[in-house]
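Participant: sharing a model prediction with you, sequence too.
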Amino acid sequence: NGGYGGAVVYLEDMDFLGQPEYALDFAKERTEVWNGNHREISQMTRLKGLWYLEEGMLHGSTGDYAEAYTGDIAWTDYAVTAVLKPICGQGHRFMARVQGACRSYAVQLCPGNRLCLMKNEDTVYRPLAWAEYPWADGGRYRLTLRVDGMRLTVLDEGGREILSFEDKERPYLRGCVGVGVDQGHCAFESLSIHSKNR
């Protein structure tokens, strides 16, 4: 052991401060086995659904809806970028300003070749804005949601604005990030979060 004695440390509470600035490459994450029946993906917590790592991606699968989250509920203004690959289903999304299962904003690949900016109100997602966006199962999409005060902006892989909306009806001004799927299966390659100052 290199001359160091063993030690046991009990940590009751820990907090961190500052602007969000990190990335999750799911090829580098692992499945944590808590006991024979309880497994979690490192750095994530989940709400419903089957979540697992395969071929360097985080997979989410469900018959109704499933979500997984990471980060700090105190985060305010930032940009979250997701690289996602829809496999099958009705909706494939990533979220910002998540305040648990009942409140969040989401960018979602929706049926009918649409990209939707959604608001989750008491576990019901409703569209705030949408745009034509050709997508198909098996495709790979890199999208960004920037949240700045009440302004929500969706950018494509080249940094071009696709959607923008100002939420003046009880806006969510803080929260963590996440990924999700409705009635189907979606794979996520990465999730990155940057402060608005970057």
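Facilitator: Everything's here; your move.
Participant: what stretches of this protein score poorly on pLDDT?
Facilitator: 1-5, 16-18, 196-198 (pLDDT under 70).
Participant: if you tally nearby residues, what's the number for residue 75?
Facilitator: Counted with other C-beta atoms under 10 Å, the neighbours of residue 75 add up to 21. All C-beta atoms are positioned from the backbone trio N, CA, C, and that covers glycine.
Participant: for it, helix, strand, or coil?
Facilitator: coil (DSSP: H, G, I helix; E, B strand; the rest coil).
Participant: now do the same contact list for the closest residue to it other than its chain neighbours.
Facilitator: If you skip the residues right next to it in sequence, residue 75 has residue 20 as its closest partner in space, 5.2 Å away by C-beta to C-beta, 6 or more residues apart in numbering. When contacts are counted by C-beta atoms under 8 Å, 6 or more residues apart in numbering, residue 20 touches 71, 72, 75, 78, 193, 194, 195.
Participant: now those residues: which count as buried?
Facilitator: Buried subset of the contacts of residue 20 (neighbour count, 16 or more other C-beta atoms under 10 Å): 71, 72, 75, 78, 193, 194.
Participant: turn the residues you listed into a markdown table, including distance to residue 64.
Facilitator: What follows is those, written out as a markdown table (distance: C-beta to C-beta, whole Å):
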| residue | distance to residue 64 |
| --- | --- |
| 71 | 24 |
| 72 | 28 |
| 75 | 28 |
| 78 | 29 |
| 193 | 27 |
| 194 | 32 |
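Participant: just these: which are in strands?
Facilitator: Under the assignment DSSP state E, these contribute 78, 193, 194 to strands.
Participant: tell me the one among the residues you listed nearest to residue 11.
Facilitator: The closest of those to residue 11 turns out to be residue 193 (C-beta to C-beta; 24.3 Å).
Participant: my read: the closest one touches residue 178, true?
Facilitator: No - using C-beta atoms under 8 Å, residue 193 is not in contact with residue 178; the gap is 11.0 Å.
Participant: which residues touch the residue nearest the centre of the chain?
Facilitator: Nearest residue to the geometric centre of the chain (C-alpha atoms, centre = their mean): residue 178, 2.3 Å. When the contact criterion is C-beta under 8 Å, 6+ apart, the partners of residue 178 are 67, 68, 69, 70, 94, 95, 98, 104.
Participant: also residue 126?
Facilitator: Contacts of residue 126 (C-beta under 8 Å, 6+ apart): 118, 119.
Participant: same thing but at 10 Å, please
Facilitator: Residue 126 makes contacts with 116, 118, 119, 120, as judged by C-beta atoms under 10 Å, 6 or more residues apart in numbering.
Participant: how much space separates the third one from residue 91?
Facilitator: Applying C-beta to C-beta, to the nearest Å, the value for residue 119 to residue 91 is 14 Å.
Participant: list residues touching both of these two?
Facilitator: With C-beta under 10 Å, 6+ apart, residue 119 and residue 91 have common neighbours 106, 125.
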